[in-house]
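> I'd like to go over a predicted model; first the sequence, then the structure.
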Amino acid sequence: MLVPKRDFIGLSGIVHLAAGGETPLLARHLAAFERFAADKAAGLAGRERFDQTHARVRAHLARMLDMQPTDIALLGSTSEGIAQVLSALDWHTGDTVVTAENEFPSGLYALARLRALGVELRTVATPSHYLDPDDLIAACDQRTRLVYLSHVSFRTGQRLDLERIAVGVHRAGALLLLDVTHALGVVPVRGELCDFVVCSGYKWLLGTHLGILGWNRRQLPGFEPRGVGWRSASDAADPSAIYQLHADARRAELGNPNYLDVYILESALEYLAAVGQERISAYVLQLGGELRAALIGLGLEVTTPAARDERAGNICFLHPRAEELARLAAERAIQIWGSDGRVRLSVHLYVTPEDVALLVAALPRLLAEVAEH
């Protein structure tokens, strides 16, 4: 056991393998809420503490991503971050954007909307549910403006070779927008290799529903999102210009961040840091590998690669009635995620070997019940 289950709310008597959808909240977040409530009642002094907390969270995330605090913005969602990035580019007829056919809808749908501007969307095929980095790089050419990818797939659990992809994408002259929602907090993420990074706070980071945007200002000095609010800009020195964008990533923040979410994220990041990134990665990869091997032993069609460096916390297998399988498991106090013809089992730092053993022991009966219905 890496951490005690009592550190989390709602885990007593539960096997929780659904981190890829939602993670339970830490009990220590209640103290974070109380700090936020006290600061909210404190007027201007409380607002100053809001901004101090915001700054600490940006600095913590920057350390995790090997970026600068000024590269980080805190938004309402990952989708908002993607939209801000796409809004900043001047699109022309004939431009192309590249992604994988099995990508998450937040990026896939946003890229598809660019067709109205004459932009071609190229989706790279994933035969056998595996994305070959060489196929992705080969889809880029001199017309490619942007590549959007998830570091770890929500659908298959595959973790991409980020360095290899970043080199290939940049050699083609394109920008790389990386979604690290299923990576950050579990495995190392080299954000400095990307032009933009987006992430959700409510999954592996153990927080709530906010979005994180990283803008690599060292690599890409220019970024002017068209969505602008009072927080993203200030009065311009030239009155005729009306406003000027902030010099750092705050230019992507339209209004007040969701400060309660920010306080909770700080609590979560402190907890993860106390456990240690290397310990979390080693634990998750070891236990996840054991789970994957057990699923293979049950004859299931596992889509998550075997190699440690090609997976993180998600271990997935195909099943035509995945939703029903998840529902039956929940009736036995086993939380898993089933949708889109696949079951996702997520190993995080609170999952124990006993949890995995209970799931593996229950799966044959659960599969038989689904087949009987």
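All right, it came through fine. Bear in mind that the values here come from a model prediction, so they are computed numbers and not experimental data.

> Leu74: helix or strand, and which one exactly?
Using DSSP states H and E, Leu74 maps to strand 72-75.

> ah, wrong one, I meant Ala247
Going by DSSP H and E, Ala247 is not in any helix or strand.

> Show the model's pLDDT score for the closest residue to it other than its chain neighbours.
Spatially, and ignoring its direct neighbours in sequence, Ala247 is nearest to Thr70 (7.7 Å; C-beta to C-beta, 6 or more residues apart in numbering). Bear in mind the C-beta positions are built from the backbone N, C-alpha and C, glycine included. pLDDT recorded at Thr70 is 98.

> which residues does Thr70 contact?
For Thr70, the contact set (C-beta atoms under 8 Å, 6 or more residues apart in numbering) comprises 58, 217, 247-249.

> Check the offset of the lowest-mean-pLDDT helix or strand in the chain from the chain's centre.
Counting by mean pLDDT, DSSP states H and E, the chain has its least confident helix or strand at strand 233-235, which shows a mean of 88. Put simply, strand 233-235 sits 30 Å off its chain's centre (C-alpha atoms, centre = their mean, to the nearest Å).

> Name the strands paired with it and say parallel or antiparallel.
Using DSSP bridges, strand 233-235 pairs in its sheet with strand 243-245 (antiparallel).

> So for the closest residue to Asp235 other than its chain neighbours, what's the pLDDT?
Nearest in space to Asp235, with sequence neighbours left out and distances taken as C-beta to C-beta, 6+ apart, is Tyr243 at 6.3 Å. The model reports Tyr243 with a pLDDT of 91.

> Could you give the number of residues near Tyr243?
Tyr243 has 12 neighbouring residues, counting by other C-beta atoms under 10 Å.

> how close does it sit to Arg231?
11 Å (C-beta to C-beta, to the nearest Å).

> do Glu103 as well
30 Å.

> who has more neighbours, the two?
Glu103 (22 against 16).

> so after the strand or helix carrying Glu323, what's the next helix or strand?
Per DSSP H and E: Glu323 is located in helix 322-330. Later in the chain than helix 322-330, the nearest helix or strand by DSSP H and E is strand 334-335.

> Just the terminal-to-terminal distance for stretch 164-181.
End-to-end span of stretch 164-181 (C-alpha to C-alpha, to the nearest Å): 20 Å.

> and if you look at stretch 237-250?
End-to-end distance of stretch 237-250 (C-alpha to C-alpha): 19 Å.

> Show me which positions of it end up buried.
Using 16 or more other C-beta atoms under 10 Å as the test for burial, stretch 237-250 gives 245-246, 248-250.

> What are the boundaries of the helices in this structure?
Secondary structure of the chain by DSSP state H: the helices cover 29-40, 43-65, 78-88, 105-113, 133-138, 162-171, 259-275, 277-297, 322-330, 353-372.

> So which of these is the most surrounded?
helix 78-88 (a mean of 22; mean count of other C-beta atoms under 10 Å).

> residues in contact with it?
73, 75, 106-107, 110-111, 114, 146, 148, 177, 179, 181, 196, 198-200, 211-213, 223-227, 252.

> before we move on, what about stretch 105-117?
Applying C-beta under 8 Å, 6+ apart, the contact partners of stretch 105-117 are 78-79, 82-83, 86, 91-93, 95, 97, 99, 119, 121, 123, 146, 148, 150, 177, 179.

> so of these, which ones are in strands?
97, 99, 121, 123, 146, 148, 150, 177, 179 (DSSP state E).

> For the last one, which non-adjacent residue is closest in space?
Looking back up the chat, that one is Asp179. Leaving out its chain neighbours, Asp179 is closest to Ser150 (C-beta to C-beta, 6+ apart), at 4.5 Å.

> Leu131 versus that neighbour, what's the distance?
Distance, Ser150 to Leu131, by C-beta to C-beta: 9 Å.

> More neighbours: the two, which one.
Counted by other C-beta under 10 Å, Ser150 and Leu131 do not tie: Ser150 has more neighbours, with 26 against 22.

> mind listing what the residue nearest to Asp179 touches?
Taking C-beta under 8 Å, 6+ apart as the criterion, Ser150 is in contact with 103-104, 107, 160, 178-182.

> One more: Arg28?
By C-beta under 8 Å, 6+ apart, Arg28 lies in contact with 7, 267, 271.

> what do you get if the cut-off is 6 Å, keeping everything else the same?
Counting by C-beta atoms under 6 Å, 6 or more residues apart in numbering, Arg28 touches Ser267.

> With Leu210 instead?
The contact partners of Leu210, by C-beta under 6 Å, 6+ apart, come to 74, 201, 258, 261.

> Can you list the low-confidence ranges for this protein?
Within the chain, no stretch has pLDDT under 70.

> Quick check: the nearest residue to Arg344 once chain neighbours are set aside vs Ala329, distance?
Distances taken as C-beta to C-beta, 6+ apart place Trp337 nearest to Arg344, at 4.3 Å, with adjacent residues excluded. Counting by C-beta to C-beta, the separation of Trp337 from Ala329 is 10 Å.

> One more: Val57?
Val57 is 35 Å from Ala329, by C-beta to C-beta.

> again with Val360
12 Å.

> before we move on, back to that, can you pick out the most distant pair from the contacts of Thr70?
The distance between the two most remote of those (C-beta to C-beta) is 14.2 Å, for Arg58 and Ala247.

> And the residue nearest the centre of the protein?
Residue closest to the average C-alpha location in the chain (C-alpha atoms, centre = their mean): Thr181, at 0.6 Å.

> okay but that one is in contact with Cys199, surely?
Yes. With contacts counted by C-beta atoms under 6 Å, Thr181 reaches Cys199, the gap being 5.2 Å.

> The closest residue to Gly46 other than its chain neighbours and Asp51: what is the separation?
Of all residues not flanking Gly46 in the chain, Asp39 sits nearest, at 3.8 Å (C-beta to C-beta, 6+ apart). According to C-beta to C-beta, Asp39 and Asp51 sit 10 Å apart.
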